[in-house]
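In: fold the following.
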Amino acid sequence: SERKVLGVLGLARRARRLVSGTQIVCDALKERKALLVAVASDASDNTKKRLCDRCAFYEKQIIFLPVASAELGAAIGRGGTCAAVALTDASFVKAFAKAAQTELENM
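Out: Below you'll find the predicted structure:
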């Protein structure tokens, strides 16, 4: 379920292997620290385009989550909303992919 996906993101945040916020995610891409970018479903069109363009340029994967920015913010323990996050550790990327695959199979 999407709880598993959000759980992996929350765990990555507590392990300090996740950055959150559009500008910080863009900076992590520029510094080549971000390995995977996840965007909330209700992020603005400008934010989605900006992150898509950056991910294409730096050849990183981008995932659009079926959750609102408020849910994403709550899942990572950040007060308020969060439109985008980036994983900076390969182990968490694998765990995220496994959780996302499980969700796709259940649909």
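In: show me where this protein has its helices.
Out: 2-14, 22-30, 45-57, 69-75, 90-106 (DSSP state H).
In: same for the worst-scoring helix or strand of the chain on mean pLDDT, what does it pack against?
Out: Scoring the helices and strands of the chain by mean pLDDT, DSSP states H and E places helix 90-106 at the bottom, with a mean of 83. Under the contact criterion of 3 or more CB pairs under 8 Å, 6 or more residues apart in numbering; DSSP states H and E, helix 90-106 touches helix 2-14, strand 36-39. All C-beta spots, glycine's among them, are computed from the backbone N, C-alpha and C.
In: go with 7 Å
Out: helix 2-14 (3 or more CB pairs under 7 Å, 6 or more residues apart in numbering; DSSP states H and E).
In: got the contact list for the residue most central in space within the chain?
Out: The centroid of the chain falls nearest to Ala38 when counting by CA atoms, centre = their mean (2.5 Å). By CB atoms under 7 Å, 6 or more residues apart in numbering, the contact set of Ala38 is 9, 63, 65, 84-85.
In: by neighbour count, which of those residues wins?
Out: Val85 (29 neighbours; other CB atoms under 10 Å).
In: OK, contacts around the spatially closest residue to that residue that is not a sequence neighbour?
Out: Spatially, and ignoring its direct neighbours in sequence, Val85 is nearest to Ser20 (4.7 Å; CB to CB, 6 or more residues apart in numbering). Applying CB under 7 Å, 6+ apart to Ser20 gives the contacts 76, 78, 82, 85.
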